[in-house]
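K.L.:
need a 3D model of the sequence below.
(chains A, B, C and D)
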2 protein chains.
Amino acid sequence: MAAARVRSGGRPTLEEVAARAGVGRGTASRVINGSPRVSDATREAVEAAVAELGYVPNRAARALAGNRTDAIALVVPEPETRFFAEPYFSAIVRGVGAALADTEMQLLLTLVGNDRERRRLAQYLTAHRVDGVLLVAVHADDPLPELLEQLGMPCVISGARHAAETLPSVDSDNFEGARAAVEHLVSRGRRQVATITGRLEVYGAQRRLDGYRAAVSAAGLAPDERLIAPADFTEEGGAAAMRDLLARRPDLDAVFVASDVMAAGARQVLREAERRIPEDVALVGFDDSVVARHMHPALTSVRQPIEEMGRRMAQLLLDEIAGRTPGDERPSVVLPTELVVRDSS
Amino acid sequence: MAAARVRSGGRPTLEEVAARAGVGRGTASRVINGSPRVSDATREAVEAAVAELGYVPNRAARALAGNRTDAIALVVPEPETRFFAEPYFSAIVRGVGAALADTEMQLLLTLVGNDRERRRLAQYLTAHRVDGVLLVAVHADDPLPELLEQLGMPCVISGARHAAETLPSVDSDNFEGARAAVEHLVSRGRRQVATITGRLEVYGAQRRLDGYRAAVSAAGLAPDERLIAPADFTEEGGAAAMRDLLARRPDLDAVFVASDVMAAGARQVLREAERRIPEDVALVGFDDSVVARHMHPALTSVRQPIEEMGRRMAQLLLDEIAGRTPGDERPSVVLPTELVVRDSS
DNA sequence: CAGGGTATTGGGAGCGCTCCCAAAGAGGGT
DNA sequence: ACCCTCTTTGGGAGCGCTCCCAATACCCTG
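P.N.:
Numbering: from 1, shown residues only, chains lettered A, B, ... in the order given. Alright, predicted model coming up:
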């Protein structure tokens, strides 16, 4: 029995645990990793040694020997203010954190600001420094997903990039959320329902517009392209779009806005135009952010289960990494939204 | 010259880079790590080989051999909603990310929810899985800082825990921010200035109260403890405190609230009590969050340079890890705040 | 021209773990 | 009792890097 080198300080090694338990290194490793091919007696002995020594595996050694990292990266495109804004970012992080809580997986946060950082990220991924990647707010033309697919790197994205998404993705039901919002407006007697959309290259924004259209025709209202104003998810964009709408269709009596922040911009314009909310114009937002609650009047909004989305993304990724993808098709999750009715509608 | 093993797939190793450059492994390593003890010709040869092969060092191997990890942890106590709320979290993350951008350092996100996760974190840190720790929103009685100090683990905290903080810390100037806010109220002719404080166990909240007191006496106003209502940084707490204040001193004409969220609660109560803002009561918040901008009327608030705080925390930590602490005393940074005047005052 | 630096360099010895092969032990059937 | 199979076990061989020592090359000095 090889006596483990005596080490005064430092953390205990597997070798020491094995020596203490009176078994070989291989056996100790098997116990630590939960292999079934160990007798009960041995397992208990090793577990006791682990507890006595306070052994914690050395992650680096594990990664080196096992060719894995036990870490996943959450990649956040920093300029994408829509994502980085409240409540998206912290909620996603919370959800991911929750899903990872009783896992050995570490969460690496990677902010991608400019092109240089983007290249560094690509290098990172190529160097296999993580077992998988969570990609949020990817654009349809982002080369990153392709790169990941080529590398065979497990990956989950938030929000499908288009109808024929090939990557595993988690999304909220943008179509249904928008549809329900507009249906709600119609049920309150509104007849000239306009919409301010997000950037339509973003698939989710397109789906919200689709939902709007579906609800409009389901209600038997006359579709009118002049009631549709595209914007860019910013407050200023929302304001500009609202001005356009008022100019084109001054008779509108409701607006479904594809984000709360844009709704804030729209409300400002409506106030300046002296349209009362909700008496003259009803307003519904999307996201149910802090802004919605504190707007005056409080904004009716479509809530997305963002934290849950984070959790599901992480779970999907863990599955992907473990290789237990059920069928051949890519798992894609669509979570329901909820309409939170407040004073603006 | 030992021929490097030919490997079809896979990433290139140091050994391969060395072979390609026609040098030894040690020399290649020296170049990669920027050692000055290499001739220019050799350096160039190695750099060329690195570029041609697209070599990226294997992090795990480095960590194992070098007994470091090139990673730091951002530890976030999840139940601490004050911190996790907008804008704190994302701004800190941004700042930290910016400071780390041209470093090899990785950012690990660790959410600490319950006691179990807390123990796991302690184990983590004991196992030296990171080179340093960024601790945000620590309570004065949190055992974590002590643990870190015992382990000799570099650490920076956001917000001193008390006047005699021993750890390197980054903070905004809570005292001066509060003082300036109250001074502003006084300069607008307010004479009965009340305050709603955060939880006073939080040192920052205490400092804000100190700043309030300083401004009150500097203005020659009569200090009155009935004008001071403690709360807990929540909207409901702010509302309750506002009710207390109105009951005790119905003649108050201004309130300095130690956070925007509490200010939102207070505003609600003032509206119910039919006090106009700012005509009857002027309101000033703290944080300059989204809530402040969208409140009605828009809330005057004290802005903290949170992103900059994140950046400085990271820099301090990197210094600490590099061991180049200038003197013996712990570096502690206090950043200035800025009063953003809006319609509520 | 010898002697004693100083600047470079190569490569051995690990770091602590996983993988895997071969050996030892434990039954079971005939 | 013997052979064969299945289970359990030990430990060698790396994973790719850093650290460091010894070797070599080069340069002054007297």
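K.L.:
now do the closest residue to residue A:48 other than its chain neighbours against residue B:127, distance only.
P.N.:
Nearest residue to residue A:48, sequence neighbours excluded (C-beta to C-beta, 6 or more residues apart in numbering or on different chains): residue A:21, at 6.9 Å. Yep, even glycine has a C-beta here, placed from its N, CA and C like the rest. Residue A:21 sits 19 Å away from residue B:127 when distances are taken as C-beta to C-beta, to the nearest Å.
K.L.:
settle it for me: which of the two has more neighbours?
P.N.:
Neighbours were counted for residue A:21 and for residue B:127 using other C-beta atoms under 10 Å in any protein chain shown; residue A:21 has more, 22 against 15.
K.L.:
in contact with that one, which residues are there?
P.N.:
Neighbouring residues of residue A:21 by C-beta atoms under 8 Å, 6 or more residues apart in numbering or on different chains: A:28, A:42, A:45-46, A:48-49.
K.L.:
try it again at 7 Å.
P.N.:
A:28, A:45-46, A:48-49 (C-beta atoms under 7 Å, 6 or more residues apart in numbering or on different chains).
K.L.:
of these, which is the most crowded?
P.N.:
residue A:28 (27 neighbours).
K.L.:
doesn't that one belong to a strand?
P.N.:
No. If the criterion is DSSP: H, G, I helix; E, B strand; the rest coil, then residue A:28 is helix and not within a strand.
K.L.:
pretty sure it sits against residue A:18.
P.N.:
Yes. Here residue A:28 reaches residue A:18: they are 3.9 Å apart, a contact under C-beta atoms under 7 Å.
K.L.:
okay, now the domains of chain A?
P.N.:
A:14-57, A:71-172+A:307-334, A:174-303 (automatic domain parsing).
K.L.:
the last one - what's its average pLDDT?
P.N.:
I take that to be domain A:174-303. Averaging pLDDT along domain A:174-303 gives 96.
K.L.:
next: the first one.
P.N.:
Averaging pLDDT along domain A:14-57 gives 94.
K.L.:
gap between it and the chain center?
P.N.:
With C-alpha atoms, centre = their mean, to the nearest Å as the basis, domain A:14-57 stands 39 Å off its chain's centre.
K.L.:
what are the phi and psi angles of residue A:297?
P.N.:
Dihedral pair for residue A:297: phi -70, psi 160, per degrees, to the nearest 10.
K.L.:
who's in contact with it?
P.N.:
Shown in contact with residue A:297 (C-beta under 7 Å, 6+ apart): A:277-278, A:343-344.
K.L.:
list the contacts of residue A:71.
P.N.:
Applying C-beta under 7 Å, 6+ apart to residue A:71 gives the contacts A:105-106, A:108, A:130-131.
K.L.:
taking the residues you listed, please make a PyMOL selection of just the buried ones.
P.N.:
Restricted to buried positions by 16 or more other C-beta atoms under 10 Å in any protein chain shown, the PyMOL selection for the contacts of residue A:71 reads:
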select buried, chain A and resi 105+106+108+130+131
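K.L.:
quick check, nearest of the contacts of residue A:71 to residue A:266?
P.N.:
Taking C-beta to C-beta as the measure, residue A:266 lies nearest residue A:108 of the contacts of residue A:71, at 37.9 Å.
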